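1. would you be able to build a 3D model of this:
(2 chains)
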Amino acid sequence: SAVISQKPSRDICQRGTSLTIQCQVDSQVTMMFWYRQQPGQSLTLIATANQGSEATYESGFVIDKFPISRPNLTFSTLTVSNMSPEDSSIYLCSVEVIETGANVLTFGAGSRLTVL
Amino acid sequence: QKEVEQNSGPLSVPEGAIASLNCTYSDRVSQSFFWYRQYSGKSPELIMSIYSNGDKEDGRFTAQLNKASQYVSLLIRDSQPSDSATYLCAVNVLGGATNKLIFGTGTLLAVQP
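-> Residues are numbered from 1 along each chain as shown, chains lettered A, B, ... in the order given. Below you'll find the predicted structure:
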């Protein structure tokens, strides 16, 4: 299965600043996704990162707040813009891979952001 | 109605017992169902997938799917303290041109030694 590297693994940020999270995969993948997991909560899909076109955002998430890049089939970035304490969360990059003939989702280790 | 619902728990079982985790979903056309395990501070890892009605067994884990009832469950036999984690049910949903995975809130399992 794919190996996903995310960085930073954690960061402490000041209110009003922006932070970019990088996701690198060791093989070419078609589908890449960004999820958020707020403290004590489950995973919420932010957007699908599309290679060569604009990301597809889920309800409640907008490009101005969470701009996403996908320059190729192995790399994506998620920026959390103009951060507030409510953005404190774990942000997870995930990719869809084929295992035993089925499409399954594999996750990176996540980036834990704390906004002061 | 939430798309994927789980009892948040905690579900506490003694070591060696069977742990039963349940999940219901709202999208009748969903075809793929997954159980992820998430240890505290770690990212989710896939433990079971199921696509057809009935049971699917893998070691101590059995996934059960009933599409008519929109219900999927996970049984863990001979539960071990190392099984203590949050178990996330995930359902594939068609959103626009893309299939996407929607997660339940997770059930916290505590296996007591």
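
2. enumerate every residue touching residue B:108.
-> B:8, B:9, B:10, B:11, B:85, B:86 (Cβ atoms under 8 Å, 6 or more residues apart in numbering or on different chains). Backbone N, C-alpha and C define where each C-beta goes, glycine included.

3. around chain A, pick out the residues from chain B.
-> Selection of chain B residues close to chain A by Cβ under 8 Å from any Cβ of the partner chain yields B:32, B:34, B:42-46, B:49, B:51, B:88, B:90, B:95-96, B:98-106.

4. which among those residues count as buried?
-> Buried members of these, counted by 16 or more other Cβ atoms under 10 Å in any protein chain shown: B:32, B:34, B:43-44, B:46, B:49, B:88, B:90, B:99-106.

5. so which of those residues sit within helices?
-> Within these, no residue falls in helices by DSSP state H.

6. may I have the worst-scoring helix or strand of chain B on mean pLDDT as CSV, with CA atoms only?
-> Of all the helices and strands that make up chain B, strand B:98-103 has the lowest average by mean pLDDT, DSSP states H and E, namely a mean of 80. This file holds the C-alpha atoms of strand B:98-103, laid out as CSV (Å, rounded to 0.1, in the frame of the first residue of the first chain):
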residue,chain,number,x,y,z
THR,B,98,-16.5,11.4,-6.9
ASN,B,99,-17.0,8.6,-4.5
LYS,B,100,-16.1,9.8,-1.0
LEU,B,101,-15.9,8.2,2.4
ILE,B,102,-18.1,9.4,5.2
PHE,B,103,-17.1,8.5,8.7
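
7. list the contacts of that strand.
-> A:31, A:33, A:42-45, A:48, A:56, A:58, A:103, A:105, B:3-4, B:32, B:34, B:36, B:88-94.

8. that one: what's the following helix or strand?
-> Going down the chain from strand B:98-103, the next helix or strand is strand B:107-112, by DSSP states H and E.

9. for residue B:11, grab the count of nearby residues.
-> By the measure other Cβ atoms under 10 Å in any protein chain shown, the count of residues near residue B:11 is 17.

10. contacting residues for residue B:84?
-> Residue B:84 neighbours (Cβ under 8 Å, 6+ apart): B:109, B:110, B:111.

11. tally of neighbours for the last one?
-> The number of residues packed around residue B:111, counting by other Cβ under 10 Å, is 20.

12. repeat that for the second one.
-> When neighbours are defined as other Cβ under 10 Å, residue B:110 has 15 of them.

13. can you tell me the SS state at the residue nearest to it when sequence neighbours are not counted?
-> With sequence-adjacent residues excluded and distances taken as Cβ to Cβ, 6 or more residues apart in numbering or on different chains, residue B:110 is closest to residue B:12, at 4.7 Å. Following DSSP: H, G, I helix; E, B strand; the rest coil, the label given to residue B:12 is strand.

14. how close does residue B:53 sit to residue B:65?
-> 5 Å (Cβ to Cβ, to the nearest Å).

15. what about residue A:97, how many neighbours?
-> 19.

16. right, I mislabeled it, should have said residue B:13
-> Residues near residue B:13, counting by other Cβ under 10 Å: 17.

17. ok, it - contacts?
-> Contacts of residue B:13 by Cβ under 8 Å, 6+ apart are B:19, B:79, B:109, B:110, B:111, B:112.

18. residue A:55: what's it in contact with?
-> By Cβ under 8 Å, 6+ apart, residue A:55 lies in contact with A:47, A:48, A:49, A:63, A:68, A:70.
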